[in-house]
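[1] predicted model and sequence below, questions to follow.
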Amino acid sequence: MEGATQQLLQHSNFKHLLSLCDERGVFEHCEFDQPRREHGYCVDDVARAAIVLEREQSADPGITQAIDVLAGFMELAQQPDGRIRNRCDVDGAWQGEASTDDHWGRALWCWGSMVRLDPRSERVREAYDQFAKSVALRSTHMRSMVFAGLGAVEFLQAFPANTHARALLDDALRSIPANLVSAQAWPEERLTYANAAIAELLIAGGDFFGQREPVRRGLSMLTWLLALQTRDGHLSLIPATGWVVGDALPAFDQQPIEVAALADACASAYSVTGDGSWLDAIRLGAEWFDGANDLSVRMYDPSTGAGFDGLTSTGPNLNCGAESTLAYLSVMQQAHRERALK
């Protein structure tokens, strides 16, 4: 991808992301800003990268070439029965069993985004076929279903009558259990990771079906989650180890993926309600990366667009892996949209 890399360097915020890419995919981990090639690639990050690049809606040939490389990785990950393998080493050997875990859901989210956003009919057809191959499967894990449901929402923007995507979205909404207690507007006893995606699915999925109750519930959950993670006017995230009622906050390590999930959910909330307060919440996400956080430290490298891997009790974890970099870029995309809307 050397040619693609050179073309994308003009987009300075993609510089680090492209340094993680080769002709096969996106390297998962870094030591500081250097890819750890020995750790290989995973569908989770390749799918996230494809979504971020598709959201750019750029005609830059470097971006389209990068998307094509990522799409090729996703095609190789998919098995004939629709299950997905997650990990691949630097030599192209796939590791582990295919499944319907989180990476299956993220794969569907990726293909749904390609179907909705890619301007090239050939790429849309290929993504459509890959989505169709996996759409009939289901997962026993709620977050896997949530990610898949968000993919169905994307797909249905282009093909709203597709019965298989509608069935997946319906099942994804049903996979979210009732809230546990009235004092905690949340369906889990313990908050873990990408929490706001659960609320986002209720908001976006309920809106697609014209169902008021899921939308109301999702907005209530997102309001509660945002209040829980806001302190002194800035985001103060729950730690990577999770959180239950009674745990002290602030706590560490804080993960950029939580900011990205919040920003995406708030963007969906604004799209559905038109309430400008959700745009203010997106701004809090961008400001978290720029130092409006519990330690008042910047969480990205402005010269390369690299996101730091976490906010620890002593400062940023300066490793710049794919997940954190993509979280930063995703939040910036939502923040740019927020500024345009205001």
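    Looks like it arrived, so ask away.
[2] for the rest of this, base every contact and every neighbour count on C-alpha atoms.
    OK.
[3] list the buried ones in stretch 297-314?
    298-301, 304-312 (16 or more other C-alpha atoms under 10 Å).
[4] pull the distance from that stretch to the chain's centre.
    Its chain's C-alpha centre and that of stretch 297-314 lie 18 Å apart, by C-alpha atoms, centre = their mean, to the nearest Å.
[5] with stretch 302-320 instead?
    18 Å.
[6] between the buried residues of stretch 297-314, which is closest to I238?
    Taking C-alpha to C-alpha as the measure, I238 lies nearest L311 of the buried residues of stretch 297-314, at 10.9 Å.
[7] contacts only, for that closest one.
    252-255, 299, 317 (C-alpha atoms under 8 Å, 6 or more residues apart in numbering).
[8] wait, which of those residues is closest to I84?
    Q255 (25.5 Å).
[9] from M221, how far off is the closest one?
    20 Å (C-alpha to C-alpha, to the nearest Å).
[10] I'd like to know how far S324 sits from G96.
    For S324, the distance to G96 - C-alpha to C-alpha - is 24 Å.
[11] okay, those two: which has more neighbours?
    Between S324 and G96, counted using other C-alpha atoms under 10 Å, S324 has the larger neighbour count: 27 against 9.
[12] the strand or helix carrying that one: which residues count as buried?
    According to DSSP states H and E, S324 maps onto helix 322-341. Using 16+ other C-alpha under 10 Å as the test for burial, helix 322-341 gives 322-335, 338.
[13] which pair of those spans the longest distance?
    A322 and E338 (24.1 Å).
[14] where in the stretch 151-300 of the chain is pLDDT low?
    181-183 (pLDDT under 70).
[15] just the helices in the stretch 101-250 of the chain please.
    In the stretch 101-250 of the chain, the segments counted as helices under DSSP state H, counting those that start in this stretch are 102-117, 121-134, 142-158, 163-174, 196-209, 212-228.
[16] what is the neighbour count of N162?
    N162 - counted by other C-alpha under 10 Å - has 12 other residues nearby.
[17] that one: what's its closest spatial neighbour, skipping adjacent residues?
    What sits nearest to N162 in space, not counting adjacent residues and going by C-alpha to C-alpha, 6 or more residues apart in numbering, is L156, at 7.0 Å.
[18] closest to the centroid, which residue in this structure?
    R48 (5.6 Å; C-alpha atoms, centre = their mean).
[19] for the record, mean pLDDT for stretch 125-134?
    For stretch 125-134, mean pLDDT is 98.
[20] buried residues in that stretch?
    126-128, 130-134.
[21] again, but for stretch 194-210
    Buried-residue list, stretch 194-210, by 16+ other C-alpha under 10 Å: 194-208.
[22] and those residues, which is closest to L262?
    The closest of these, once distances to L262 are taken by C-alpha to C-alpha, is A196, at 5.2 Å.
[23] how much space between that closest one and T314?
    Taken as C-alpha to C-alpha, the span from A196 to T314 is 26 Å.
[24] one more: Q95?
    35 Å.
[25] A194 now?
    23 Å.
[26] and if you look at V115?
    Counting by C-alpha to C-alpha, the gap from V115 to T314 is 43 Å.
[27] and for A158?
    46 Å.
[28] what's the answer for N195, then?
    Following C-alpha to C-alpha, the distance that separates N195 from T314 is 25 Å.
[29] repeat that for G82.
    44 Å.
[30] and the contacts of L311, which two are furthest apart?
    Most distant of the contacts of L311, by C-alpha to C-alpha, are F252 and M299, 14.1 Å apart.
[31] can you list the domains in this structure?
    1-28+37-174, 176-342 (automatic domain parsing).
[32] quick one on the thing from earlier: out of the contacts of L311, who's the most crowded?
    In these, the most neighbours by other C-alpha under 10 Å go to M299, 28 neighbours.
[33] ramachandran coordinates for it?
    Per-residue torsions, M299: phi -110, psi 20 (degrees, to the nearest 10).
[34] wait, it sits on G305?
    No - M299 is beyond contact range of G305, at 10.2 Å (criterion: C-alpha atoms under 8 Å).
[35] and for these two, which residues touch both?
    Contacts common to M299 and G305, judged by C-alpha under 8 Å, 6+ apart, are absent.
[36] so what's G315 up against?
    If you count contacts by C-alpha under 8 Å, 6+ apart, then G315 has 295, 297 around it.
[37] for it, list each beta-bridge partner.
    T312 (DSSP bridges).
[38] okay, it and V297: tell me how far apart.
    Counting by C-alpha to C-alpha - G315 and V297 are separated by 7 Å.
[39] from the buried residues of helix 322-341, which shows the smallest pLDDT?
    E338 (82).
[40] what's the closest non-adjacent residue to that one?
    L279 (5.6 Å).
[41] quick one: which helix or strand includes the one you found?
    Applying DSSP H and E, one finds L279 within helix 277-289.
[42] counting by contacts, list what that helix packs against.
    If you count contacts as 3 or more C-alpha pairs under 8 Å, 6 or more residues apart in numbering; DSSP states H and E, helix 277-289 packs onto strand 234-235, helix 256-273, helix 322-341.
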